[in-house]
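In: how would this look folded up:
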Amino acid sequence: MEQHDLAARQFGSTAAAYLTSSVHASGADLARLTRLAETPGMLRALDLGCGAGHASFALARAGIREVVAYDLAPQMLQVVATEAKVRGHAQIETCAGPAEHLPFAAAGFDMVVTRYSAHHWLDVPRALREVARVLKSGGTFVVIDVLAPETPLMDTVLQTLEILRDESHVRDYRGSEWQAMLEAATFGATRPAVAMADRWKLPMQFDSWVARIGTAPPRIAALKTVMDALPSDARRYFSMSPDHSFTIDAGWFEVGKVPD
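Out: Residues are numbered from 1 along each chain as shown. Model prediction:
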């Protein structure tokens, strides 16, 4: 099965769980996103890899006139459309497709946001070039995602846990990798200065973490075996608890497209 099809199937079958997931439905980053979207001139926004639509809802609360929720999984988009009606966000529309191929005209969005999605993309640099293409001059791009540790051992641990839990996982990128990829993308004639605007710890309760994506029992057993065998410094870094719950790093990057 192709990776895009795998991701669409994986998240389509569990779409409703992501609407109520506390990890996805809450967080200071959503309030921050709403405040940023209240900046004058923010009229049209794209939520790239929207999942159950929590970033789309945050943008709509800011009063943006049009928000496009874009995702691979049609079932996710149906969840977004249904919930948007419940919340009275008539400005939200949905569109299906991969991050690497955006079916939108150039310079059509004042803001592009991706939240907890990019670690599933097959080709992040290509997706970033697409973001730069559809973003207006002077527009803003925000990346919110899980961050891999800079230490190789901890990086390997995180990727191992992620792929065991979710076979559609591609990679959690390090902060330094995000900075390099964003600086290399064509966001203007000169390379933008990119800095991590914020970083925080994200607690993952084990039972809900695996239930949310529908991890198969053999994979759950493998996860517990790997976690129990981790060296003590890795267990400390991820704050592993006896019930296998743990914490990971998340971060916010913000880059502006250099005006022509």
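In: hang on, residue 32 in a helix?
Out: Yes: read with DSSP: H, G, I helix; E, B strand; the rest coil, residue 32 is one of the residues of a helix.
In: that one: what's it in contact with?
Out: Residue 32 makes contact with 198, 252, according to Cβ atoms under 8 Å, 6 or more residues apart in numbering. Placement of C-beta: from N, CA and C, glycine included.
In: same thing with residue 144?
Out: Going by Cβ under 8 Å, 6+ apart, residue 144 touches 29, 33, 55, 113-116, 250-253.
In: and it, what element?
Out: Assigning secondary structure by DSSP states H and E places residue 144 in strand 135-147.
In: pairing partners for that strand, with directions?
Out: Note on strand 135-147: by DSSP bridges, its sheet partners are strand 109-115 (parallel), strand 246-256 (antiparallel).
In: what comes up buried for it?
Out: For strand 135-147, burial by neighbour count (16 or more other Cβ atoms under 10 Å) applies to 135-136, 139-147.
In: next: stretch 41-51.
Out: 42, 44-51.
In: nearest residue to residue 165 other than its sequence neighbours?
Out: Leaving out its chain neighbours, the residue that sits closest to residue 165 by Cβ to Cβ, 6 or more residues apart in numbering is residue 215, at 5.2 Å.
In: that neighbour: how many residues sit nearby?
Out: Applying other Cβ atoms under 10 Å, we find 18 residues neighbouring residue 215.
In: list the residues that contact it.
Out: If a contact means Cβ under 8 Å, 6+ apart, then residue 215 has 164-166, 223 as its contacts.
In: model confidence for it, exactly?
Out: We have a pLDDT of 94 for residue 215.
In: doesn't it lie inside a helix?
Out: No: counting by three-state DSSP, one finds residue 215 to be coil, located in no helix.
In: quick check: it vs residue 206, distance?
Out: 10 Å (Cβ to Cβ, to the nearest Å).
In: can you check residue 150 too?
Out: For residue 150, the distance to residue 206 equals 25 Å [Cβ to Cβ].
In: report the distance from stretch 201-208 to the chain centre.
Out: On the basis of Cα atoms, centre = their mean, to the nearest Å, stretch 201-208 sits 16 Å off its chain's mean C-alpha point.
In: number the chain from 626, please
Out: Yep, numbering from 626; the last one is stretch 826-833 now.
In: that one: which residues count as buried?
Out: Applying a neighbour-count criterion of 16+ other Cβ under 10 Å, one finds 827, 829-831 buried in stretch 826-833.
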